[in-house]
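**Student:** Fold the following, please.
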Amino acid sequence: MKSKKFRELLEKYLEIKGLDIIVVLNDGTEVELYKNRQIIDDMIITIDNCENSQKIPIAQIKSVDMFAA
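**Tutor:** Modelled structure (predicted):
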């Protein structure tokens, strides 16, 4: 279970559309988040321009890398 502080910080970063965000999951998989992203319940939901979506459980996130676009 991720801490409340981690979630709050993650929510702030997700709101910054100029940031490219890559999450690293517990299994080592890296997932780049689309610009249209938000947290719903305990999942990060991202949607690209073609309406494809990704759902990533916050509990599976090991680390987050961010880059200014």
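**Student:** For the closest residue in space to residue 48 that isn't next to it in sequence, give me its contacts.
**Tutor:** Closest residue to residue 48 apart from its sequence neighbours, by CB to CB, 6 or more residues apart in numbering: residue 34 at 4.6 Å. In this view, the C-beta of every residue, glycine as well, is placed from N, C-alpha and C. Each residue near residue 34 by CB atoms under 8 Å, 6 or more residues apart in numbering is listed here: 46, 47, 48, 54.
**Student:** mind redoing it with 7 Å?
**Tutor:** By CB atoms under 7 Å, 6 or more residues apart in numbering, the contact set of residue 34 is 46, 47, 48.
**Student:** Helix, strand, or coil at it?
**Tutor:** Assigned with DSSP: H, G, I helix; E, B strand; the rest coil, residue 34 falls in the coil class.
**Student:** mind pulling up the phi and psi values for it?
**Tutor:** phi -70, psi 160 (degrees, to the nearest 10).
**Student:** Look up which residues are beta-bridged to the residue nearest the centre of the chain.
**Tutor:** The chain has residue 44 as the residue nearest its centroid, 5.2 Å off, counting by CA atoms, centre = their mean. As for beta bridges, residue 44 partners with residue 39, residue 56 under DSSP bridges.
**Student:** helix, strand or coil for residue 54?
**Tutor:** Assignment for residue 54 (three-state DSSP): strand.
**Student:** pLDDT score for it?
**Tutor:** You'll see residue 54 listed with a pLDDT of 92.
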